[in-house]
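J.: I would like to see how this sequence folds:
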Amino acid sequence: MFKKSPAELKTSSALRNSDRRKLAGEVAATFKLTSEECDTLVPDGLQARKFKSSGGEPGTIYQSPDGEPLWFAAGKQSSALVPTVYTLWRQPRMVPRLHTPSFVVEKLSEGADLMIPGVLETEEDLQGVNKGDLVAISIIGSDVPLAIGTLAVPPSSLGRGMKGKAALILHVYEDHLWEMGSKSDPPASVSEPSARSDELTSQLASTSVAGNRAVNEADDSNAPTADDDILRTALIHAIATTLSKLPTSSFPILGTNLYAVHILPARPSYAPADADIKHSSYKKLAKFLKTVEKDGLIKTKDVKGETWLTAVNASHPDVAQHKGYKTIADAEKKDAKKKEQDKKQAEKTRKDGIAIMELYKPHGASTALFDAIKQSTDELYSVVEVRTLLLDYVKEHSLVHPREQGFIVLDEVLQEVLLKKGEDIEFMRRDDALERLKSKMQAWYSIPLKEGDPPLVRKGQLAPISAVAKTRQGRRVITLVTHFEPYGIEADDLAEALRRACASATSVTPLPGKNAGSEVLVQGNQLKIVSDLLMDRGIPKRWIHTEDMTGKK
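T.: The predicted structure follows:
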């Protein structure tokens, strides 16, 4: 739900004490908490923020006085409260948990739901839980919740061999809801008594991956781990794609170079980022290389305590049957390319801004010129097009001044179009003629408000966004921002962005008059921050008017 930033996020407002007590009562009844526990999870000064999800569902986010999101409710038909991961880290036993490998949690953070094959949990742990109930998701072997969702099937459908979705994810660690808070990392443990039997705990610990490294490292049984398979698969992929294609002169290869240059980059993209030798059962690279040598994948030799790769077996059945996949190196390369593209696009957007275009429509006296050159009087023309049409008319009728090339001679048509009543002018500068012609035409403008949508075309003169710094009540300095609505910017959104950027209080006040818009006030002289924020959003600098009136009486 929060893979993308919430849309139409309103500014926060403090709940009334009566509403807060009502909410605390609902929390206590739903999650079976004591009044003392509710006081920490529904504190005094609790803030409420309205929003719409990326899917268009309305909802409310409840934040602590310092901005930490604690609860949310979303959906047209549901107002049920859902705890955030910050809340679950304080009270982890509020909802039952499902356990999954760490790389599955990475998929959840990308917007996926939890599938049944990814659940490693016993039905006994879900007694009394029904389809549609809230469930938290933790990494196998860990007691720390990293996501929360609703159970998509009855617990009886979570057995081996079953397919389909296990839980519909509502919120996950590192999504946009988490980013609204302190962005703190999960605790190492929530320090609660485990509900599992000793036998099940041992079983889960032996298969733990990235999220439970401490369990693996403390286990002296040397039981195979998920990282063992990842490293062997990476070596096979490296043999199939790079090592088998190297010239014989490239061998021998130092084991540490083989590991760093060929094996680690060849790990599958779905593997945990810290899947490596020290988290495997091998612990040391030399042991891993000797093991795969016994399997017939490679040949090695030891020289002065160092293991060297001398040959690879490209005809090994595992290599011959290997099917390629997207590697961590591929993913990192793609991410780096995307970041570079995003950076260039952001720089271009900040430099050039969105393509706002001033348009003009023939109107009144100006229609005489367009009739004379047989151009439509119903079309909209850009400034460049108006200038071109005027100069083409001047050239076609030989109206360039014979001695002053920057002036044009006004014939009967141009006099009718450009001159005011009572004026008697024979010639005029070209730029002055263009400005007069534009003033006689009807002003329009086009502005792109949403990427991928056609630009919005409106009648009227587009006014720049105004940011004025003033002094009020003696020495109190404020900055007022107006005329931003035509640029697709909402008052509440701008106020929240300025509150964060300026680390200062903001407020929104409707301006008098119909369709006059709103005024955003931010404490202090924030002209530069306002200007930079607007340009970062693609507003060209020429469409931002700033004025510092703090030194004026």
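
J.: Can you point out the buried residues in stretch 535-553?
T.: The neighbour-count check on stretch 535-553 (16 or more other CB atoms under 10 Å) flags Met535, Arg537, Gly538, Ile539, Pro540, Trp543, Ile544, Thr546, Thr550 as buried. Glycine gets a C-beta too; all of them are placed from N, C-alpha and C.

J.: Could you measure from Ala372 over to Ala365?
T.: Going from Ala372 to Ala365 by CB to CB, to the nearest Å gives 12 Å.

J.: for Lys395, same thing?
T.: Here the criterion is CB to CB. By it, Lys395 lies 22 Å from Ala365.

J.: what about these two, which has more around it?
T.: Of the pair Lys395 and Ala365, Ala365 is the one with more neighbours under other CB atoms under 10 Å, namely 14 against 11.

J.: Helix or strand, whichever it is, which one in this protein has the lowest mean pLDDT?
T.: Scoring the helices and strands of the chain by mean pLDDT, DSSP states H and E places helix 198-206 at the bottom, with a mean of 34.

J.: Model confidence score at the nearest residue to Asn17 once chain neighbours are set aside, please.
T.: Leaving out its chain neighbours, the residue that sits closest to Asn17 by CB to CB, 6 or more residues apart in numbering is Asp44, at 7.9 Å. If you check Asp44, the pLDDT there is 87.

J.: Can you report how many residues lie near Asp44?
T.: Asp44: 11 surrounding residues under other CB under 10 Å.

J.: So Lys343: helix, strand or coil?
T.: What DSSP: H, G, I helix; E, B strand; the rest coil gives for Lys343 is helix.

J.: That one: what's it in contact with?
T.: By CB atoms under 8 Å, 6 or more residues apart in numbering, no residues touch Lys343.

J.: do you know how far it is from Lys337?
T.: Lys343 is 11 Å from Lys337, by CB to CB.

J.: try Asp330
T.: Note on Asp330: its distance to Lys337, by CB to CB, is 11 Å.

J.: More neighbours: the two, which one.
T.: Asp330 (15 against 10).

J.: circling back to that earlier point, which two from the buried residues of stretch 535-553 end up farthest apart in space?
T.: Distance extremes for the buried residues of stretch 535-553: the farthest pair is Gly538 and Thr550 at 28.3 Å, using CB to CB.

J.: right, and the helix or strand after whichever strand or helix holds Ile239?
T.: Secondary structure from DSSP states H and E places Ile239 in helix 226-241. Towards the C-terminus, the helix or strand next in line after helix 226-241, according to DSSP H and E, is strand 253-254.

J.: Centre of the chain to that following strand, how far?
T.: Centroid displacement of strand 253-254 relative to its chain, using CA atoms, centre = their mean, to the nearest Å, is 42 Å.

J.: quick one: strands adjacent to it?
T.: strand 306-312 (antiparallel) (DSSP bridges).

J.: What mean pLDDT does the strand it pairs with get?
T.: Rounded mean pLDDT across strand 306-312 is 94.

J.: just stretch 373-386 next, same as before
T.: So the average pLDDT for stretch 373-386 ends up being 92.

J.: Could I get the buried residue list for that stretch?
T.: Gln375, Leu380, Tyr381, Val386.

J.: quick one: which of those is nearest to Asp133?
T.: The closest of the buried residues of stretch 373-386, once distances to Asp133 are taken by CB to CB, is Leu380, at 57.5 Å.

J.: chain center to stretch 299-309, what's the gap?
T.: 47 Å.

J.: dump the residue contacts of Arg537.
T.: Contacts of Arg537 by CB under 8 Å, 6+ apart are Ile489.

J.: Now do it against Pro455, distance only.
T.: For Arg537, the distance to Pro455 - CB to CB - is 16 Å.

J.: how far does stretch 511-528 stretch from start to finish?
T.: Stretch 511-528 stretches 24 Å from its first residue to its last (CA to CA, to the nearest Å).

J.: Pull the residues that contact it.
T.: By CB under 8 Å, 6+ apart, stretch 511-528 touches 467, 469, 477-485, 491, 494-495, 498-499, 502, 504-510, 530, 546, 548, 550.

J.: Can you flag the buried ones in these?
T.: 467, 469, 477-484, 491, 494-495, 498-499, 502, 506, 508, 530, 546, 550.

J.: Is Lys339 in a helix, a strand, or coil?
T.: Classified using three-state DSSP, Lys339 is helix.

J.: for the closest residue to Val144 other than its chain neighbours, what are its contacts?
T.: Nearest non-adjacent residue to Val144, counting by CB to CB, 6+ apart: Pro186, 4.8 Å away. The contact partners of Pro186, taken as CB under 8 Å, 6+ apart, are Val85, Trp89, Val144, Leu146, Tyr173.

J.: and the gap between Pro186 and Asp228?
T.: Taking CB to CB, one finds Pro186 at 25 Å from Asp228.

J.: Kindly report the same for Glu8.
T.: Glu8 is 48 Å from Asp228, where distance means CB to CB.

J.: Looking at these two, which one has more neighbours?
T.: Taking neighbours as other CB under 10 Å, Glu8 and Asp228 compare with Asp228 leading, 18 against 13.

J.: my guess is Asp318 contacts Ile298, does it?
T.: No: if you go by CB atoms under 8 Å, Asp318 and Ile298 don't touch, sitting 11.7 Å apart.

J.: Between the two, which is the more surrounded one?
T.: Between Asp318 and Ile298, Ile298 has the larger neighbour count (other CB under 10 Å), namely 21 against 17.

J.: Pull out the buried positions in stretch 461-471.
T.: Quick answer for stretch 461-471 (16+ other CB under 10 Å): Leu462, Pro464, Ile465, Ala467, Val468, Ala469, Lys470.

J.: Report the rounded mean pLDDT for stretch 322-337.
T.: 86.

J.: what about the nearest residue in space to Pro58 that is not next to it in sequence, distance to Arg93?
T.: Leaving aside its sequence neighbours, Pro58 sits nearest to Lys52 (CB to CB, 6+ apart; 5.6 Å). Lys52 sits 32 Å away from Arg93, going by CB to CB.

J.: Under the pLDDT cut-off, which ranges of this protein? List them.
T.: The chain contains residues with pLDDT under 70 at 54, 76-79, 121-125, 160-161, 191-224, 345-352, 552-553.

J.: how does it divide into domains?
T.: Following automatic domain parsing, one finds the domains of the chain at 13-83, 89-203, 226-329, 357-444, 463-548.

J.: CA atoms only: put stretch 105-121 into PDB for me.
T.: Output of stretch 105-121 as PDB, limited to C-alpha atoms (Å, rounded to 0.1, in the frame of the first residue of the first chain):
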ATOM      1  CA  VAL A 105      11.100  -9.800   2.600                       C
ATOM      2  CA  GLU A 106      13.100  -7.900   0.000                       C
ATOM      3  CA  LYS A 107      10.400  -8.900  -2.600                       C
ATOM      4  CA  LEU A 108       7.700  -7.700  -0.200                       C
ATOM      5  CA  SER A 109       9.400  -4.300   0.000                       C
ATOM      6  CA  GLU A 110       9.200  -4.100  -3.800                       C
ATOM      7  CA  GLY A 111       5.400  -4.400  -3.600                       C
ATOM      8  CA  ALA A 112       4.800  -8.100  -3.800                       C
ATOM      9  CA  ASP A 113       2.400 -10.000  -1.500                       C
ATOM     10  CA  LEU A 114       3.600 -13.000   0.500                       C
ATOM     11  CA  MET A 115       3.100 -16.300  -1.300                       C
ATOM     12  CA  ILE A 116       2.300 -19.600   0.400                       C
ATOM     13  CA  PRO A 117       5.600 -21.300  -0.600                       C
ATOM     14  CA  GLY A 118       7.400 -18.500   1.200                       C
ATOM     15  CA  VAL A 119       5.800 -19.200   4.500                       C
ATOM     16  CA  LEU A 120       7.800 -21.400   7.000                       C
ATOM     17  CA  GLU A 121       5.400 -21.700   9.900                       C
END
